[in-house]
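**Student:** Next come a sequence and a model predicted from it.
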Amino acid sequence: MFPTPIQNYSLKINIGYRVILVITLVIWLLPLIAVMLTSIRTFDDVLAGNYWTFPKETAFISNYAEVFADGKMAGFFLNSLIITIPTVIGTLFLSSLAGYSLAMHRFKLNLLVFAMFIAGNFVPYQILMIPVRSISIELGMYNSHLGLIIFHIAFQTGFCTFFLRNFIKELPFELIEAARADGATEWTIYRKIIIPLTIPALAALGVLEFTFIWNDYFWALILTQGDTVKPITVGLDVLRGQWTTAWNLVSAGSVVAALPPVIMFFILQRQFIQGLTFGAVKG
Amino acid sequence: MTFWERNQLKLAPFLFLAPAIFIFLIYVIYPIFDSIWVSFHEWNGMDKDGVRGNGKPNWEFVGFKNYITLFTDDDEFYVSLFNNIRWLIFSLLAIPIGLALALFVNQKILGIRYIKSLFYFPFVINAVVIGVIFTWFYNPKYGALAYVLSFFGIDPIPFLADENLATYGIIIASFFPGIAYTMILYITGLTGVSREMIEAGRIDGASGLTMLWHVVLPQLRAATLIAIVVTLVGALRAFDLIAVMTAGGPWGSSEVLAYKMYQEALFNYRMGYGAAIATILFLIMDIYIAWFLYRLFKNESSEK
């Protein structure tokens, strides 16, 4: 309702609005358009300083093939998947258990535990850096996928527990009381009642967490060494150093590194926005 | 009845919480205290019982020495702190810009759904890619910015190579995902704005900016609050873009506390000194944490 619907204005303004809208969008996406165009340019084209013209010769296949050529990029990409997927599953599992407990059970330290999860979530990474690195080394998990996965699960559990606790608290408590009266165990209630009703929140958190973990750079930098475990964010940074001014390769690599969350965003946009704007309407 | 059946309701919440609390205590809560402890020591990161080449122990208690050095004998620390303040102030600009764009696209026309998604999606692109793109964008020789400026006959501005401009150049890059995020928040917030109040406002003769300020913005408070919290936390966490775009340079001019901490600890092997910087960053962040918790529990108790 706000601003006034454009349909209330004259035809001229309507056309003008749509034209300006498209122009704004193109300007907004200009850096990304340039990267996508450059990723299919030949190196000669790049050297000639052409950015905005459509590439004379497209080198789509050869550029992307070259990005993957030495196998490093494929390795980084795979590492990202190996780290991200178990993290998302593990985080959702632990935080849905914790969220159910905090939302539907009364006990003394309930609010304190809840506050701890929220507060931990805002902590600057640097205050955790030295000890987390030492712990990983001591547990023999430094420079391993597992080390990154466990840390990410621990840290993300704070945010997800906060989110799920608030979501589960809105569910009808009578349902759980009725199940308890029927003799259902708490575990059955969690599995058969809480989880099915929490699916929308889990989906929203799932896509959000996938993006957060995929895009992590700092912890990958702190907890890995060499190329074997590095995810694609740090990997791209490494490869960028090798490609130097071959902007066509740098661009193609960037597109590959950005793609999975982008695809996920376009497919699951509704879940994504629900997750991001949780609490933005009421409050 | 077995013991379990009788006490299930009392025990289940603790069992359900146990794994999350256990892992959270080890990887988040304990490290906070351990870092503060480390900040009172001089430590090169090696075996704590070992001795350095010059005969000094690897790990030695030094009291407040690291903090005193930071405040009295480290100009870089003030550069970083000042840059953090710049980040805090300027990154907030993403909020009004995001609001303006949200209002701009908040129309029901054919295809608007797709246009909105195209505005949103830079939010999911990782900082390394954003950093790479903007480094290239600013490149005085090959970059798009130089290309655009040359149209107007202006010489290229080497944003990232200029001590005074580098931080601003990085903050502008951070706007790209930042504005997309505030846009998402505000567009969702706008769907919850009451129709009646807008119409009542119109009858009272409010329109445009007066309507925005007096009728719409008060209803967007929740969105604004989240936008501010997330933007400020993001500003204090600024690291990725700096590491990718300038590595703190030129000559340390674009460093922030987070980056300086990383440098001191992992490159200069001054763990205690790095931990002291982290502790200061943590104390700054505590102001926000306290404020957020206070608000949250005020709401929580008013709901009951």
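**Tutor:** Thanks, I have it.
**Student:** Distance from the chain centre to the strand or helix carrying A:L37, please.
**Tutor:** Following DSSP states H and E, the helix or strand that holds A:L37 is helix A:11-38. Remark: helix A:11-38 is offset 26 Å from the chain centroid, using CA atoms, centre = their mean, to the nearest Å.
**Student:** Now do it, average pLDDT.
**Tutor:** In this model, helix A:11-38 carries a mean pLDDT of 91.
**Student:** and the residue nearest the centre of chain A, what is it in contact with?
**Tutor:** The residue lying closest to the centre of chain A (CA atoms, centre = their mean) is A:T211, at 1.0 Å. By CB atoms under 8 Å, 6 or more residues apart in numbering or on different chains, the contact set of A:T211 is A:P261, A:M264, A:F265, A:F272, B:V124. Backbone N, C-alpha and C define where each C-beta goes, glycine included.
**Student:** mind redoing it with 6 Å?
**Tutor:** Going by CB atoms under 6 Å, 6 or more residues apart in numbering or on different chains, A:T211 touches A:P261, B:V124.
**Student:** C-terminal to the helix holding A:L37, what's the next element?
**Tutor:** Following helix A:11-38 toward the C-terminus (DSSP H and E): helix A:43-47.
**Student:** And the contacts of stretch A:44-54?
**Tutor:** Outside of stretch A:44-54, the residues within contact range by CB under 6 Å, 6+ apart are A:A34, A:P55, A:W247, A:N248, B:A144.
**Student:** same thing but at 7 Å, please
**Tutor:** A:A34, A:T38, A:P55, A:K56, A:W247, A:N248, B:Y142, B:A144, B:Y147 (CB atoms under 7 Å, 6 or more residues apart in numbering or on different chains).
**Student:** are any of those buried, and which?
**Tutor:** A:A34, A:T38, A:P55, A:W247, A:N248, B:Y142, B:A144, B:Y147 (16 or more other CB atoms under 10 Å in any protein chain shown).
**Student:** Am I right that the fifth one sits in a helix?
**Tutor:** It stands for A:N248. Yes - secondary structure of A:N248, determined by DSSP: H, G, I helix; E, B strand; the rest coil: located in a helix.
**Student:** how near is it to chain B?
**Tutor:** 11 Å (CB to the nearest CB, to the nearest Å).
**Student:** residue contacts, that residue?
**Tutor:** By CB under 7 Å, 6+ apart, the neighbours of A:N248 are A:T38, A:S39, A:R41, A:T42, A:F43, A:V46, A:A59, A:N63.
**Student:** Measure how buried the residue of chain B at minimum distance from chain A is and give me the count.
**Tutor:** Taking CB to the nearest CB as the measure, the point where chain B comes nearest chain A is B:A222, at 2.8 Å. By the other CB atoms under 10 Å in any protein chain shown criterion, the neighbourhood of B:A222 contains 18 residues.
**Student:** Look up the pLDDT of it for me, please.
**Tutor:** Confidence score, pLDDT, at B:A222: 86.
**Student:** Next: A:E66.
**Tutor:** pLDDT, A:E66: 86.
**Student:** coming back round to it: buried set for the helix holding A:L37?
**Tutor:** For helix A:11-38, a neighbour-count test (16+ other CB under 10 Å) marks A:R18, A:L21, A:L25, A:W28, A:L29, A:P31, A:L32, A:A34, A:V35, A:L37, A:T38 as buried.
**Student:** about what we covered before: go through the contacts of A:N248 and flag the one the model is least confident about.
**Tutor:** Within the contacts of A:N248, pLDDT is lowest for A:V46, at 79.
**Student:** that older thread, can you list the neighbours in contact with the helix or strand that the residue of chain B closest to chain A is a member of?
**Tutor:** Using DSSP H and E, B:A222 falls within helix B:221-237. For helix B:221-237, contacts defined as CB under 7 Å, 6+ apart pick out A:122, A:124-125, A:279-283, B:84, B:87-88, B:91-92, B:94-95, B:178, B:181-182, B:185-186, B:189, B:258, B:281, B:284-285, B:288, B:292.
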